[in-house]
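J.: Give me coordinates for this.
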Amino acid sequence: MSLIGRLGAVIGRRHVNSPANRILVVEDDPDVGVLLDRVLSSAGYRVDRATTASGARLLVDSQQYRLVLADGILPDGTGIEVADAAKARGMKALIITGYGLRLCQLGGFDRHDFILKPIRPGALIELIANYLSRPSA
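T.: Numbering: from 1, shown residues only. Here you go, the predicted model:
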C-alpha cells in the first residue's frame with residue numbers, strides 16, 4: 001500500500017463515515033487539482049473541485065463543505081476572496097499557495113490560515129485533519 005493510502009487508512013478513517021466529509025478544492029492548475037483530489041480522496045474525503053473564484057463562490061453558496069481549500073491566486077480572483085465567502089457561510093477555509101509574499105501584499109492573511117506549496121501529501125492530510133479537529137473561531 002502506498003504512503004498516501006496508508007495515511008488515508010489511518011488519518012482519514014474517522015472522516016469516511018461522516019456526512020460532513022466534503023472538501024471543496026479550488027485550484028486552477030489541472031495537474032495540482034488532480035493531485036489534491038487524489039490525496040484527499042485517499043484519506044476518505046469527498047472532493048468537489050472548482051478552477052475559478054467565481055465557480056467556487058457558486059458552489060459555496062449552494063453546498064455545505066467541511067473545508068474549502070483554495071489556491072491563493074486564481075484566474076479571476078484570490079483564495080482570500082473564496083475563503084471570505086466560505087467563512088461567511090460558516091465553513092472552514094484554508095488557502096494553499098506558492099505565492100505567500102504576493103498574497104501578503106494583497107492582505108487577508110490576518111483572517112485566514114494558509115499552507116505554503118509545495119507540501120508532501122502525508123503532511124497535507126495530517127495538517128487538514130488537525131485543522132478540522134480545531135474548534136471554529
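J.: so where is this protein shaky, pLDDT-wise?
T.: Low-confidence segments of the chain, defined by pLDDT under 70, span residues 1-20, 99-110, 137.
J.: Which phi and psi values does residue 62 adopt?
T.: Main-chain torsions, residue 62, degrees, to the nearest 10: phi -120, psi -10.
J.: ok, now how distant is it from residue 84?
T.: As for residue 62, its distance to residue 84 is 17 Å (criterion: CB to CB, to the nearest Å). For the C-beta atoms, the positions are set from N, CA and C on the backbone; glycine is no exception.
J.: And residue 54, by the same measure?
T.: Look at residue 54 and residue 84: by CB to CB, they are 14 Å apart.
J.: out of residue 62 and residue 84, which sits in the more crowded spot?
T.: Neighbours were counted for residue 62 and for residue 84 using other CB atoms under 10 Å; residue 84 has more, 16 against 7.
J.: What residues of the host helix or strand of the more buried one count as buried?
T.: Element membership of residue 84 [criterion: DSSP states H and E] is helix 79-88. Going by neighbour count (16 or more other CB atoms under 10 Å), the buried part of helix 79-88 is 79-87.
J.: and those as a markdown table, adding distance to residue 73?
T.: Shown next, in a markdown table, are the buried residues of helix 79-88 (distance: CB to CB, whole Å):
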| residue | distance to residue 73 |
| --- | --- |
| 79 | 7 |
| 80 | 10 |
| 81 | 11 |
| 82 | 11 |
| 83 | 13 |
| 84 | 15 |
| 85 | 16 |
| 86 | 17 |
| 87 | 19 |
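J.: List just the nearest of the residues you listed to residue 121.
T.: Using CB to CB, residue 79 is the member of the buried residues of helix 79-88 that sits closest to residue 121, with 19.6 Å.
J.: nearest spatial neighbour of the closest one, skipping sequence neighbours?
T.: Using CB to CB, 6 or more residues apart in numbering and skipping the chain neighbours, the partner closest in space to residue 79 is residue 70 (3.4 Å).
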